[in-house]
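> Whatever this is, show me its structure:
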Amino acid sequence: QVQLVESGGGLVQAGGSLRLSCAASGRTSSTYVMGWFRQAPGKERELVAAISTSGGRTYYADSVKGRFTISRDNAKNTVYLQMNSLKPEDTFVYYCAADSALRNGVKFPPNLWSSWGQGTQVTVSS
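Residues are numbered from 1 along each chain as shown. Model prediction:
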């Protein structure tokens, strides 16, 4: 498994931007599919965006398409989530996830991802 540490969360006004980072250590993250999930208290984790090992394939939830961009820098073992035009309904704890065994796509439910970060709070005020 790989260890994941998120950063970049915080409080922002509606319409603003934040960039989340997820630094991986322990194993070469370039062999891992990476994703960002978000979760509200008492709710299931939702896949927001995911990216293939090479960065050539991405997935976005409909709710964030056109506003969020996932990218990765394998040389730095880091994946990013650029969040623009933020809305109050984007207020969640955001989690980074990774897995080296996922194949044939990037959209997978939470139970299939083996490594998770500790989460970072994103709060968007109206």
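> What is the neighbour count of Ala50?
Applying other CB atoms under 10 Å, we find 24 residues neighbouring Ala50. No exception for glycine: its C-beta is placed from N, CA and C like everyone else's.
> Kindly apply the preceding question to Tyr95 instead.
Tyr95 has 23 nearby residues by other CB under 10 Å.
> which residues does it bridge with?
Following DSSP bridges, Tyr95 is listed with bridge partners Phe37.
> contacting residues for it?
Tyr95 makes contact with Glu6, Trp36, Phe37, Arg38, Gln39, Arg45, Trp116, Gly117, Gln118, Gly119, according to CB atoms under 8 Å, 6 or more residues apart in numbering.
> And the residue most central in space within the chain, how far from Trp116?
By CA atoms, centre = their mean, the chain has its centre lying nearest to Trp36, at 1.9 Å. For Trp36, the distance to Trp116 equals 11 Å [CB to CB, to the nearest Å].
> joint contacts of those two?
Both Trp36 and Trp116 are in contact with Tyr95, Cys96, Ala97, where contact means CB under 8 Å, 6+ apart.
> Redo the residues you listed as CSV? Include distance to Ser25.
Conversion of these to CSV gives the following (distance: CB to CB, whole Å):
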residue, distance to Ser25
Tyr95, 17
Cys96, 12
Ala97, 15
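> Done for today, thanks.
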